[in-house]
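1. sequence plus predicted model, see below.
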Amino acid sequence: MALFSLFGKKEKEDLDKGLEKTKQSVFSKIARAIAGKSTVDDQVLDELEDILIGADVGVETTLRIIERIQKRVSRDKYIHTNELNRILKEEIVALLEEHHAGLVQGFDFTKGKYPYVIMVVGVNGVGKTTTIGKLAYQFSKAGKKVLLGAADTFRAAAIDQLKIWGQRANVPVIAQEMGADPAAVAFDTCNSAVANDYDVVIIDTAGRLHNKINLMNELSKIRKVIQKVIPEAPQEVLLVLDASTGQNAIEQAKQFTSATEVNAIALTKLDGTAKGGVVIGISDQFKIPVKYIGVGEKIDQLQLFNRTEFVDSLFK
């Protein structure tokens, strides 16, 4: 089984608090849309469409949600406006389940051989290094022996920041000087992990999008040197996106998924934005599962993305 599949009281409280800004924004607008109305009609649905798009759910996903509600209204003939939030929850969860039903939450350490390598990608400023530190903390707390690799050598600050997070999580970091070959850092990290029986390796990478060809070449080179040491690695390529950037996060997802083989997504900074609906849009539009969401600054506030609990917190 994957680690951290339990969703307890604290996780729910953190999620509720993290989504508060999005929830307040969406709820106030829905309340205005249904004021004075008793049933969900075409006008309510048109306003709901605008509200969801405004919450950065995205046009394509919003249209799918509205279509599902329209079918339900047509089938049930009479839906009272006080049922709208419940129906929204049910239809959004059902939509997301269609794409990701049966997926293991988090990373599945039962597959493949150790060490389990997670290569982390994303633009600078999205919370990539912070996410690595929080993951390292969770894995270490669960009894895994974790090693970090500072392969974002483009910025000295990135190396220093990863070292600080390594200290917080009480896990070692393999690093070289700024300007060193990122692939060489990844190679050294994987060699050390194999030699010292580490369970999990998390490798940071540079987040430059100014030239997609260079990005693709660099990420491909890092992947190749990792595979020289651990042929089946990296088992995960985790794309970190900043939820507060809304639709720009979706554009970044398109860029990175075309540049490398991303198979997991983490969305950060949900607690600081009213654009939390972007999680729904990204989960729907990409066949890549959203596995983690950041709902606060504390080291234990990176949590598994639980579709049902997320939608429940947003619309309850």
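-> Nice, thanks for sending it over. Please read these numbers as outputs of a predicted model, since none were measured by experiment.
2. can you classify the closest residue to Gly296 other than its chain neighbours by secondary structure?
-> Excluding its sequence neighbours, the residue lying closest to Gly296 (Cβ to Cβ, 6 or more residues apart in numbering) is Asp271, at 5.1 Å. Backbone N, C-alpha and C define where each C-beta goes, glycine included. At Asp271, secondary structure determined by DSSP: H, G, I helix; E, B strand; the rest coil is helix.
3. contacts only, for Asp271.
-> Each residue near Asp271 by Cβ atoms under 8 Å, 6 or more residues apart in numbering is listed here: 17-21, 294-297, 301.
4. mind redoing it with 6 Å?
-> The neighbours of Asp271, taking Cβ atoms under 6 Å, 6 or more residues apart in numbering as the test, are 18, 295-296.
5. how much space between Asn263 and Thr61?
-> 21 Å (Cβ to Cβ, to the nearest Å).
6. what about these two, which has more around it?
-> Shown here are Asn263 and Thr61; by other Cβ atoms under 10 Å, Thr61 has more neighbours (24 against 16).
7. name the element the more buried one belongs to?
-> In the assignment (DSSP states H and E), Thr61 maps to helix 59-76.
8. put the alpha carbons of that helix into CSV.
-> Taking C-alpha atoms only, helix 59-76 is exported to CSV below (Å, rounded to 0.1, in the frame of the first residue of the first chain):
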residue,chain,number,x,y,z
VAL,A,59,-13.7,26.4,-19.3
GLU,A,60,-13.6,22.8,-20.5
THR,A,61,-14.1,21.3,-17.0
THR,A,62,-16.8,23.8,-16.1
LEU,A,63,-18.8,23.0,-19.3
ARG,A,64,-18.6,19.3,-18.4
ILE,A,65,-19.9,20.0,-14.9
ILE,A,66,-22.7,22.2,-16.1
GLU,A,67,-23.7,19.5,-18.7
ARG,A,68,-23.9,16.9,-16.0
ILE,A,69,-26.1,19.1,-13.8
GLN,A,70,-28.3,20.0,-16.8
LYS,A,71,-28.9,16.3,-17.4
ARG,A,72,-29.7,15.8,-13.8
VAL,A,73,-32.2,18.7,-13.8
SER,A,74,-33.8,17.3,-17.0
ARG,A,75,-34.0,13.9,-15.4
ASP,A,76,-35.3,14.9,-12.0
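9. who touches it?
-> Contacts for helix 59-76 (Cβ under 6 Å, 6+ apart): 40, 45, 49, 52-53, 79, 91, 281, 284.
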